[in-house]
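Engineer: From the sequence below, what's the structure:
(one chain, ligands or ions: 1)
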Amino acid sequence: MAELVILSLNRADVIGSSKRADAIKNAELWADDMGKEIACFLCDSQTETPPFTMILPDVKSYHSMMAVPLCRDCGELPRMVRLNRCIKLLRKMWSKNGKQVHFVF
Ligand SMILES: [Zn+2]
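Structural biologist: Okay, here's the model as predicted:
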């Protein structure tokens, strides 16, 4: 069964990277998990290798960000739709006692 892998990244590394570097980095990012079947963060189906990488804020620390894997279908969603669905899921993950969760981008 495919498993969900969430990576923790340094915010400074993420913000400083260029588009071209991103493509190379994407493969490197998931290098340790290449042998695994990785599940899509949004729909739980198996992703391609390497998966589409979605960068999201980490609620625990401003200095880190999370990289979550998406399948091809979810990766091809319009950017705002994709982001919205991810944020909704994160809210569920992090909201305790119905408290609001705030994100810093
Ligand atoms: Zn998906």
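
Engineer: Going by C-alpha atoms from here, please, whenever you check contacts or count neighbours.
Structural biologist: Noted.

Engineer: per-residue confidence averaged over the lengthiest helix in the chain?
Structural biologist: In the chain, with assignment by DSSP state H, the single longest helix is helix 79-94. For helix 79-94, mean pLDDT is 91.

Engineer: What lies in contact with it?
Structural biologist: Contact with helix 79-94 is made by 41, 42, 56, 59, 74, 75, 100, 101, as judged by C-alpha atoms under 8 Å, 6 or more residues apart in numbering.

Engineer: tell me which element residue 27 falls in.
Structural biologist: helix 19-29 (DSSP states H and E).

Engineer: Spell out which residues of the chain are next to the ion.
Structural biologist: 40, 43, 71, 74 (C-alpha under 5 Å from the ion).

Engineer: Might one say that the third one is in contact with residue 49?
Structural biologist: It refers to residue 71. No - in terms of C-alpha atoms under 8 Å, residue 71 does not count as a neighbour of residue 49; the distance is 9.3 Å.

Engineer: Neighbour count: the two, which is higher?
Structural biologist: residue 71 (23 against 17; other C-alpha atoms under 10 Å).

Engineer: Nearest spatial neighbour of that one, chain-adjacent residues omitted?
Structural biologist: Spatial nearest neighbour of residue 71, excluding adjacent residues (C-alpha to C-alpha, 6 or more residues apart in numbering): residue 47 at 4.2 Å.
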